[in-house]
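A.B. asks: Using only what follows, build the 3D model:
(one chain, ligands or ions: 2)
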Amino acid sequence: MSDPLDLEALIGPGALGYFAGGAGSEITLRDNLASWSRYALHPRVLVDVSERDLGTTLLGRYRPHPVVVAPMAYQKHAHEVGELGTAEAAARTESLYVLSSQTTTSPPDVARAMEAVAPGSDRWFQLYVFRDRAVSHDLVVQARESGYEALVITVDFPVAGWRERDRRTGFTVEHPVALNPSGPPLTTEQLFAMHDPSLTWDDIGEFADAAGMPVVLKGILRPDDAERAVDSGAAGIIVSNHGGRQLDTTLSGIDALVPIAQAVGGSVDLLVDGGVTRGWDVAKALALGADAVLIGRHLLWGLARGGAQGAEDVLRQVLAELDSTLALLGCPAAADLDASYVGPRAVG
Ligand SMILES: Cc1cc2nc3c(=O)[nH]c(=O)nc-3n(C[C@H](O)[C@H](O)[C@H](O)COP(=O)(O)O)c2cc1C
Ligand SMILES: CC(C)CC(=O)C(=O)O
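C.D. replies: Ligands and ions are numbered 1, 2, ... in the order given. Purely as a prediction, here's the structure:
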């Protein structure tokens with residue numbers, strides 16, 4: 001994690017608390033970072049690794065690598081370029097981009113910026129279902145019309161987590177384009193209260209039918225919910241504890257992935273996130289059954305420090321680390337990573 005003092009000077013204490021913070025005592029936030037080092041890599045030697053292939057397949061489409069930009073709200077509070085910065089970085093590095101429905105830049109503007117950098121670049125749209133269903137439905141239409149290829153419905157946010165940093169700073173948000181385009185700044189508490197806490201599996205079916213694109217459910221941590229997601233027609237599942245921002249003391253993403261992959265692996269695409277900062281974290285996730293990995297804050301710090309270029313530098317470094325990991329693991333194709341390459345690390 002980057003030096004917080006430096007970032008505080010750049011973006012201010014309210015935004016830093018919102019971006020960096022987690023729920024409750026931040027046990028899950030810290031555990032997300034620590035969890036990756038509980039798994040040890042098991043390199044194989046004397047394998048020809050002169051050619052490497054980082055590729056994966058998501059929703060039936062080959063992708064040159066498995067690193068995905070996580071949906072993150074209010075990016076103009078990290079840097080004035082906001083979502084355009086992370087989206088351009090994604091387009092330049094052939095990374096799949098997921099735009100938050102609590103974006104500070106409109107979905108068509110983000111799509112245009114990506115197409116200008118890399119025609120045919122791909123992006124998914126993340127949806128929160130708001131109490132005002134019409135707002136969510138309008139967002140889905142905008143996303144579909146501007147070439148977003150899948151709808152990521154986030155299901156771990158019926159209400160906001162207990163976020164003490166925001167309570168202390170009283171951070172307010174400007175320009176949330178979906179909910180309050182030209183109104184006054186709103187506190188995060190006011191914005192979060194617009195989410196619909198009565199959402200159930202039946203509503204997922206309704207949005208999936210209306211979406212006209214594949215649906216991925218984000219924020220699943222239990223194998224029985226993963227099975228239910230598959231039964232409800234989801235094309236993908238993002239195993240995630242929301243960056244430790246919702247319920248404190250849950251499992252980390254990677255710890256939750258293992259039983260979920262056992263339950264539904266192979267029948268649906270599996271993605272995981274939480275605390276990913278290194279290429280070898282990505283390799284471990286793939287070895288344990290993920291098809292792709294989302295990166296959140298690590299990328300946001302790149303955006304805050306250096307705009308689009310800062311975000312691109314972060315993505316390029318993680319990809320270079322993944323390439324090096326494949327060579328050193330003796331597994332030249334990311335798609336061939338399996339449980340033989342990773343195991344529990346002896347503690348003590
Ligand atoms: C500042 C911030 C805003 C976020 N906003 C959203 C959001 O709008 N929608 C969503 O589904 N997840 C959101 N998330 C969760 C991320 O998509 C992702 O699950 C999480 O950040 C991954 O953990 P990491 O930050 O440790 O990489 C947000 C996370 C952060 C840090
Ligand atoms: C606007 C929020 C709901 C974004 C979010 O998911 C978060 O802050 O964790």
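
A.B. asks: Contact partners for Leu59?
C.D. replies: Going by C-beta atoms under 8 Å, 6 or more residues apart in numbering, Leu59 touches Glu149, Ala150, Pro214, Val216, Ala235, Gly236, Asp269. The way it works is simple: take the backbone N, C-alpha and C, and place the C-beta from them, glycine included.

A.B. asks: Could you rerun that using 10 Å?
C.D. replies: Counting by C-beta atoms under 10 Å, 6 or more residues apart in numbering, Leu59 touches Leu96, Asp122, Trp124, Glu149, Ala150, Met213, Pro214, Val216, Ala235, Gly236, Asp269, Asp291.

A.B. asks: Just the ones of these in strands?
C.D. replies: Among the contacts of Leu59, DSSP state E puts Leu96, Trp124, Val216, Gly236, Asp269 in strands.

A.B. asks: which of those residues are buried?
C.D. replies: Leu96, Trp124, Val216, Gly236, Asp269 (16 or more other C-beta atoms under 10 Å).

A.B. asks: now, among those residues, which is nearest to Ser50?
C.D. replies: Leu96 (27.4 Å; C-beta to C-beta).

A.B. asks: ok, back up a step: same list, the contacts of Leu59, but only the ones touching ligand 1.
C.D. replies: Here nothing survives when these are matched to ligand 1 using C-beta under 6 Å from any ligand atom.

A.B. asks: Without its sequence neighbours, what residue ends up closest to the residue of the stretch 201-348 of the chain found nearest ligand 1?
C.D. replies: Per C-beta to the nearest ligand atom, Gly296 is where the stretch 201-348 of the chain lies closest to ligand 1, at 2.5 Å. Once flanking residues are discounted, Gly296 sits nearest to Ala70: 4.0 Å by C-beta to C-beta, 6 or more residues apart in numbering.

A.B. asks: The one you found and Gly82, how far apart?
C.D. replies: For Ala70, the distance to Gly82 equals 15 Å [C-beta to C-beta, to the nearest Å].

A.B. asks: between the two, which one's more packed in?
C.D. replies: Taking neighbours as other C-beta atoms under 10 Å, Ala70 and Gly82 compare with Ala70 leading, 27 against 21.

A.B. asks: can you give me the strands in the chain?
C.D. replies: 39-41, 56-58, 61-63, 67-69, 96-99, 123-127, 151-154, 172-173, 186-187, 215-220, 236-239, 269-273, 292-295, 342-344.

A.B. asks: right, and those strands - which one's nearest Arg165?
C.D. replies: strand 186-187 (12.8 Å).

A.B. asks: What pairs with that closest one, parallel or antiparallel?
C.D. replies: strand 172-173 (antiparallel) (DSSP bridges).

A.B. asks: near ligand 1, anything from the partner strand?
C.D. replies: No - if you take C-beta under 6 Å from any ligand atom as the test, strand 172-173 misses ligand 1, and the best it gets is 10.8 Å.

A.B. asks: Then stretch 242-262?
C.D. replies: Yes - on the criterion C-beta under 6 Å from any ligand atom, stretch 242-262 is in touch with ligand 1 at His242, Gly243, Arg245.

A.B. asks: Just put the ones in strands among the contacts of Leu59 in JSON lines and tack on pLDDT.
C.D. replies: Formatted as JSON lines, those follow (pLDDT from 0 to 100):
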{"residue": "Leu96", "pLDDT": "98"}
{"residue": "Trp124", "pLDDT": "98"}
{"residue": "Val216", "pLDDT": "98"}
{"residue": "Gly236", "pLDDT": "98"}
{"residue": "Asp269", "pLDDT": "98"}
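
A.B. asks: which residues touch the residue nearest to Ala263 when sequence neighbours are not counted?
C.D. replies: Excluding the flanking residues, the one nearest Ala263 by C-beta to C-beta, 6+ apart is Pro223, at 3.7 Å. Contact analysis of Pro223 by C-beta under 10 Å, 6+ apart lists Ala256, Val258, Pro259, Ile260, Ala261, Gln262, Ala263, Val264.

A.B. asks: I'd guessed the second one sits against Leu221; true?
C.D. replies: So that's Val258. No - counting by C-beta atoms under 10 Å, Val258 sits too far from Leu221 to count as a contact (11.6 Å).

A.B. asks: between the two, which one's more packed in?
C.D. replies: With neighbours defined as other C-beta under 10 Å, Val258 and Leu221 compare such that Leu221 has more, 22 against 17.

A.B. asks: Tell me which residues touch the more buried one, please.
C.D. replies: 156, 239-242, 246-247, 250-253, 255-257, 259-260.
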